[in-house]
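Engineer: I'd like to go over a predicted model; first the sequence, then the structure.
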Amino acid sequence: MAWDEVLLENVSSLAAPVLRFYAWEEPAASFGYFQRHADVARMTPLRPLVRRPTGGGLVPHDADWTYSLVFPPGHAWYGLRAEESYRQLHEWVQAALNLAGAKTDLSPCCAKELPGQCFAGPEKHDLLLGGRKVAGAAQRRAKHGLLIQGSIQPRPPGMVRGAWERGFLDSAIQRWGVEWRPLPGMNSLATLAAELSARKYAQASHNEKR
């Protein structure tokens, strides 16, 4: 979470979108910035509970594939309305999963079963595999840029994470002619992220503040 906030705050100076693939070291759950910690704590036995910098609901992180995208204010994606941004993202994820061998569908509307929980039924433009939600995301638009945090779960049968990540990169080339390259200045950004993690995201005063 600290990494994503640091990227959001610095993406303007980077002057290009940033894509980050990451994983969780232990079972955990993240929850939306505006959710109440006490409500979330009753929804899941997973611990730790970490407040995201984006909105949305509770997301379990036990064996999912997570990623984030950050766009600077001058990028065309930053100017999209939230629903269009969400649709375009999941069309991209859909193309990536298709390349990796999993055929999915965009959800035409909503079938939320449990309020406040992101993977308890699809929202409009979520991705479905065999009628079940497998991909969702949350967004935050700020003056610094646009942050999108996404999760794929459960893992498509027979697919490994490397195949999905390659599909994500390859489909960007096919759709937009975009080739992702290593991010410069990683050491300085890593230092900022470590400091922010210790000062904010590792603290109960942040995660339990409402």
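Structural biologist: Great, that's in hand.
Engineer: Against which helices or strands is the lengthiest strand in the chain packed?
Structural biologist: The single longest strand within the chain, with elements called by DSSP state E, is strand 132-142. Applying 3 or more C-beta pairs under 8 Å, 6 or more residues apart in numbering; DSSP states H and E, one finds that strand 132-142 contacts helix 82-99, strand 127-129, strand 145-152. Heads up, the C-betas are built off the backbone N, CA and C, glycines and all.
Engineer: That strand: how far from the chain's middle?
Structural biologist: Mean-position distance between strand 132-142 and its chain equals 6 Å (C-alpha atoms, centre = their mean, to the nearest Å).
Engineer: how many degrees apart are that strand and helix 82-99 in direction?
Structural biologist: For strand 132-142 against helix 82-99, the angle by axes from the mean of the first three to the mean of the last three C-alpha atoms, to 10 degrees is 140 degrees.
Engineer: What mean pLDDT does strand 132-142 get?
Structural biologist: Computed over strand 132-142, the mean pLDDT rounds to 95.
Engineer: Okay, buried residues for that strand please.
Structural biologist: Within strand 132-142, the residues scored as buried using 16 or more other C-beta atoms under 10 Å are 133-141.
Engineer: Show residues contacting that strand.
Structural biologist: Outside of strand 132-142, the residues within contact range by C-beta atoms under 8 Å, 6 or more residues apart in numbering are 8, 32-33, 52-56, 59, 78, 82, 85-86, 89-90, 93-94, 97, 104, 107, 118-119, 121-123, 126-128, 146-154, 156.
Engineer: what angle do that strand and strand 145-152 make?
Structural biologist: Counting by the same axes, to 10 degrees, strand 132-142 lies at 170 degrees to strand 145-152.
Engineer: which neighbours does strand 132-142 have in its sheet, and in what orientation?
Structural biologist: If you go by DSSP bridges, strand 132-142 pairs up with strand 127-129 (antiparallel), strand 145-152 (antiparallel).
Engineer: Which stretch among those strands is buried most, on average?
Structural biologist: Of all the strands paired with strand 132-142, strand 145-152 has the most neighbours on average by mean count of other C-beta atoms under 10 Å, namely a mean of 23.
Engineer: what ranges of this structure fall below the confidence cut-off?
Structural biologist: Applying pLDDT under 70 to the chain picks out residues 111-115, 121.
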